[in-house]
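> Sequence plus the predicted model coming up.
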Amino acid sequence: MADSERLSAPGCWAACTNFAKARKGILLLAEIILCLVILICFSASTPAYSSLSVVEMILAVVFFVIYMCGLHTKIQIINWPWSDFFRTLIAAILYLITSIVVLVEKGNHSRITAGVLGLIATCLFGYDAYITFPLRQQRHTAAPTDPADGPV
C-alpha cells in the first residue's frame, strides 16, 4: 500500500507541473496571483470592490484544479471551453468597469494601484478569453473537390 502511494505521488506532481508550464496553466496562475494582489490593495483602501477579486480568484483556482486533474475530460455535462471563455470574458468586462470607476474617484495610493492593476487584469483576462474562444480552436480540413478517378 505504501508503494502504490509512493508511485502515484510523482504522477500527480508531474501532471501538476506539466500543466503549470503550459500556456493555460501560466495564465491561470497569473490570474490567481493578480487577483490576490488586487484584493490586498482594495482591502487596504476600501472593501467595497474586493468581492470581484475574491470571486475571480476562486473561479481561477477551480478551473486550474479542473484542468490540472483532467476533470474537464471526465465530466462531460459541462462544456468547459465555453464556460471558461465566458468566465474570462465577464471578468475582463467587470475589471474594466471597476477599474475605471476606481480611477475616476479620488482615493489613496493603494486604491489607484488597485485600479491600475485592474486594467492589467482586464488585459490578462481578455487575452485568456481570446485564446480560450472555442470556435477559434476548431480546425477545419479541406474537403476533396474532385474524386480520385477523375470527373464523373
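Arrived safely, thanks for sending. All values derive from a computational prediction rather than experimental measurement. Numbering: from 1, shown residues only.
> For A44, give its distance to I112.
Taking Cβ to Cβ, to the nearest Å as the criterion, A44 is separated from I112 by 12 Å. Heads up, the C-betas are built off the backbone N, CA and C, glycines and all.
> which residue ranges form the helices in this protein?
2-21, 23-45, 50-69, 71-74, 80-104, 109-132, 134-137 (DSSP state H).
> Tell me who's in contact with the residue nearest to the spatial centre of the chain.
The centroid of the chain falls nearest to L28 when counting by Cα atoms, centre = their mean (4.4 Å). Residues counted as contacts of L28 (Cβ atoms under 8 Å, 6 or more residues apart in numbering) are A60, F63, F64, Y67, D128.
> Rank the helices and strands of this structure by mean pLDDT and give me the bottom one.
The helix or strand with the lowest mean pLDDT-type score in the chain, counting by mean pLDDT, DSSP states H and E, is helix 2-21 (a mean of 63).
> From V102, how far out is the residue nearest to the centre of the chain?
The gap separating L28 from V102 is 24 Å, by Cβ to Cβ.
> same deal with N108?
Computed as Cβ to Cβ, the N108 to V102 distance reads 11 Å.
> ok, the two, which is more surrounded?
For N108 versus V102, the count of surrounding residues by other Cβ atoms under 10 Å is larger for V102: 23 against 10.
> Now do the contacts for the residue nearest to N108 when sequence neighbours are not counted.
Nearest non-adjacent residue to N108, counting by Cβ to Cβ, 6 or more residues apart in numbering: S45, 5.4 Å away. Going by Cβ under 8 Å, 6+ apart, S45 touches G107, N108, S110, R111, A114.
> most surrounded residue in the residues you listed?
Greatest neighbour count in the contacts of S45, by other Cβ under 10 Å, goes to A114: 28 neighbours.
> Low-confidence regions, the protein specifically.
Low-confidence regions of the chain, defined by pLDDT under 70, span residues 1-13, 15-16, 136-152.
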